[in-house]
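Undergrad: okay, predicted coordinates and the sequence, questions at the end:
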Protein chains: 2
Amino acid sequence: MTKMTEATYFILAALLDAPLHGYGIIKRAGEQSAGRVKLAVGTLYGALDRLTEAGLVVLDREEVVDGRPRRYYRITDDGVTAVREEAVRLQQAARVVTGQIAVVGA
Amino acid sequence: MTKMTEATYFILAALLDAPLHGYGIIKRAGEQSAGRVKLAVGTLYGALDRLTEAGLVVLDREEVVDGRPRRYYRITDDGVTAVREEAVRLQQAARVVTGQIAVVGA
DNA sequence: AGACCATATATCGGGACCCGATATATGGTC
DNA sequence: GACCATATATCGGGTCCCGATATATGGTCT
């Protein structure tokens, strides 16, 4: 079925605009989903490790801001492809129930 | 987050048109997803038990065809509501990436 | 007849993954 | 001093997927 979990999907989606650090991903995912998605930290770091190993994200850089370390992650080309494919699957799955035809790119 | 698993979603979607028995649900889910979703039997019966307990499906009737028993399941009103709500969530999630209408409002 | 496959049910165990709890650390607010 | 937001990471419990296994019938193929 090649399915992607919801957490993984929103992590990749959050990274589409620009590299973010862990905590920033959590906040961005919450924004993009109108507050519906609240990633737990345990979910985030586990998923981030898996995504890194799969080559869908890479460690971009590390910074120290106000004494707190920040580890920025960047989505790869493969990651972009994967998240777009998943978006299409989600749309098609939704259409099974809504019975509507989504207009893409209009 | 109140999330519904993909298997659960396609089981409910398969029952929208008419009551089906377990094996029929597997085939219908495959049809509706253009062959992408292949429910494993272990997934199906476990999910069916959970859905029954949650009141989203009910046992409709039992038949015996060619010596083989058939147990038909029917989706409830709550099940219809749940699967429609999930369809909306899927559509909104897809839009986050496809870049269409942003999820406005809270 | 024997082998195999589709149909049809159900259970078990391994594994994947989510997530709250916990730990550690800094700096601002009350 | 207490508390909270920021920021990282790990651990263990629980949920759920799914392949393997078991049981049973009837059709097809050799």
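TA: Structure received.

Undergrad: helix or strand for the residue in chain A that DNA strand C sits nearest to, which one?
TA: Taking CB to the nearest atom of the strand, DNA strand C has its nearest neighbour within chain A at A:G42, 1.9 Å off. Any C-beta I mention is one placed from the backbone N, CA and C, and that applies to glycine too. Here A:G42 is covered by helix A:41-54, with elements defined by DSSP states H and E.

Undergrad: equivalent analysis for A:R70, please.
TA: Per DSSP H and E: strand A:68-75 holds A:R70.

Undergrad: what's the answer for A:I25, then?
TA: helix A:22-32.

Undergrad: hmm, who's touching that helix?
TA: Residues outside helix A:22-32 that contact it (CB atoms under 8 Å, 6 or more residues apart in numbering or on different chains) are A:10-11, A:13-15, A:20, A:37-39, A:41, A:44-45, A:48, A:71, A:73, B:96, B:103.

Undergrad: quick one: is the helix holding A:G42 near chain B?
TA: No - Helix A:41-54 is not in contact with chain B by CB under 8 Å from any CB of the partner chain; minimum separation 10.4 Å.

Undergrad: and stretch A:66-75, what's its mean pLDDT?
TA: The average pLDDT for stretch A:66-75 rounds to 91.

Undergrad: name the residues of it that come out as buried.
TA: Buried residues in stretch A:66-75, defined by neighbour count with 16 or more other CB atoms under 10 Å in any protein chain shown: A:72-73, A:75.

Undergrad: of those residues, closest to DNA strand D?
TA: Of all the buried residues of stretch A:66-75, A:Y72 has the smallest distance to DNA strand D: 7.2 Å, by CB to the nearest atom of the strand.

Undergrad: tell me the contacts of that closest one?
TA: When contacts are counted by CB under 8 Å, 6+ apart, A:Y72 touches A:19-21, A:59-63.

Undergrad: for the helix or strand containing A:L90, packing partners?
TA: Secondary structure from DSSP H and E places A:L90 in helix A:77-98. Applying 3 or more CB pairs under 8 Å, 6 or more residues apart in numbering or on different chains; DSSP states H and E, one finds that helix A:77-98 contacts helix A:6-14, helix B:6-14, helix B:77-98.

Undergrad: so is that helix next to DNA strand D?
TA: No - interface with DNA strand D: helix A:77-98 contributes nothing (CB under 7 Å from any atom of the strand), its closest point being 13.1 Å away.

Undergrad: dump that helix to CSV, restricted to CA.
TA: Listed next in CSV are the C-alpha coordinates belonging to helix A:77-98 (Å, rounded to 0.1, in the frame of the first residue of the first chain):
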residue,chain,number,x,y,z
ASP,A,77,13.9,16.2,-3.8
ASP,A,78,12.8,12.6,-2.9
GLY,A,79,11.0,14.0,0.1
VAL,A,80,9.2,16.6,-2.1
THR,A,81,8.2,13.9,-4.6
ALA,A,82,7.0,11.6,-1.8
VAL,A,83,4.8,14.2,-0.1
ARG,A,84,3.3,15.3,-3.4
GLU,A,85,2.4,11.7,-4.2
GLU,A,86,0.9,11.3,-0.8
ALA,A,87,-1.2,14.5,-1.3
VAL,A,88,-2.6,12.9,-4.5
ARG,A,89,-3.4,9.7,-2.7
LEU,A,90,-5.2,11.7,0.1
GLN,A,91,-7.2,13.6,-2.5
GLN,A,92,-8.2,10.4,-4.3
ALA,A,93,-9.1,8.7,-1.0
ALA,A,94,-11.3,11.7,-0.1
ARG,A,95,-13.0,11.6,-3.5
VAL,A,96,-14.1,8.0,-2.8
VAL,A,97,-16.5,9.4,-0.2
THR,A,98,-17.2,12.9,-1.3
